[in-house]
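Trainee: Sequence plus the predicted model coming up.
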Amino acid sequence: MYPMLTHANFAVSWALLVLIWLVQLIIYPCFYRISPEAFISYHQWYVKRITFIVLPLMIAELALAARWILLDHYSAVSVLYSFCIFIIWLSTFALQVPIHNRLKSGKDDMLIRRLLLTNWIRTAAWSLKAFVATIHLVNSSTGSVISASRRSLISILFFSSIS
């Protein structure tokens, strides 16, 4: 794969990884803390701003994945990476967007709970995608297949940094 594409995949993957963990652990749980009177206004403000950040990154990840899968002739790693994106987009538009649309009319703790629970799908998929992008970057930087011990070290470093 082209180095620029590898680095771009890595950068976009990690930007979205950091963002989804902030959403999962801080932003969505804060929805419970907003008063019912202020919720509609806050939610409208939040959705407008988060879309401005997330949508360009999601479009970039989709374009990068399409380019990667074609250049890499549908390799297992590019297919796994693209499958993660498919799951993310499916979850976003089949689960999270409809919940946000219902929250536009007012605070509902059951909907907020559903938003938090279903968002774990995207959190897991973006985490796996960032891991795949990291492994691919390291592998392409060394020009060789990563040994089992180096893969283990990267796994330990990756998972200890997100816990």
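Mentor: All right, it came through fine. Numbering: from 1, shown residues only.
Trainee: Which pLDDT value goes with the residue sitting nearest the centre point of the chain?
Mentor: Geometric centre of the chain, nearest residue: Trp126, 3.4 Å, by C-alpha atoms, centre = their mean. Trp126 carries a pLDDT value of 97.
Trainee: mind checking the backbone torsions on it?
Mentor: phi -70, psi -30 (degrees, to the nearest 10).
Trainee: Skip the chain neighbours and tell me the closest residue to it.
Mentor: Distances taken as C-beta to C-beta, 6 or more residues apart in numbering place Ile20 nearest to Trp126, at 4.7 Å, with adjacent residues excluded. Glycine gets a C-beta too; all of them are placed from N, C-alpha and C.
Trainee: buried stuff in the longest helix seen in the chain?
Mentor: Ranked by residue count under DSSP state H, the longest helix found in the chain is helix 36-71. By 16 or more other C-beta atoms under 10 Å, the buried positions in helix 36-71 come out as 39, 43, 46, 54, 58, 60-62, 64-65, 67-69.
Trainee: what pLDDT, on average, does stretch 15-25 get?
Mentor: 98.
Trainee: mind exporting it as CSV, just the C-alpha atoms?
Mentor: The C-alpha trace of stretch 15-25 is given here as CSV (Å, rounded to 0.1, in the frame of the first residue of the first chain):
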residue,chain,number,x,y,z
ALA,A,15,-9.0,10.5,15.5
LEU,A,16,-12.3,8.6,15.4
LEU,A,17,-11.1,6.2,18.1
VAL,A,18,-10.4,9.1,20.5
LEU,A,19,-13.7,10.7,19.6
ILE,A,20,-15.9,7.6,20.1
TRP,A,21,-14.4,6.9,23.5
LEU,A,22,-15.0,10.5,24.6
VAL,A,23,-18.6,10.2,23.4
GLN,A,24,-19.1,6.8,25.1
LEU,A,25,-17.5,7.6,28.4
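Trainee: that older thread, tell me the contacts of the residue nearest to the centre of the chain?
Mentor: Contact partners of Trp126, counting by C-beta atoms under 8 Å, 6 or more residues apart in numbering, are Ser13, Leu16, Leu17, Ile20, Cys84, Ile88.
Trainee: same question, Ala65
Mentor: So Ala65 contacts Asn9, Ser78, Tyr81, Ser82, Ile85 (C-beta under 8 Å, 6+ apart).
Trainee: And it, what's its pLDDT?
Mentor: 92.
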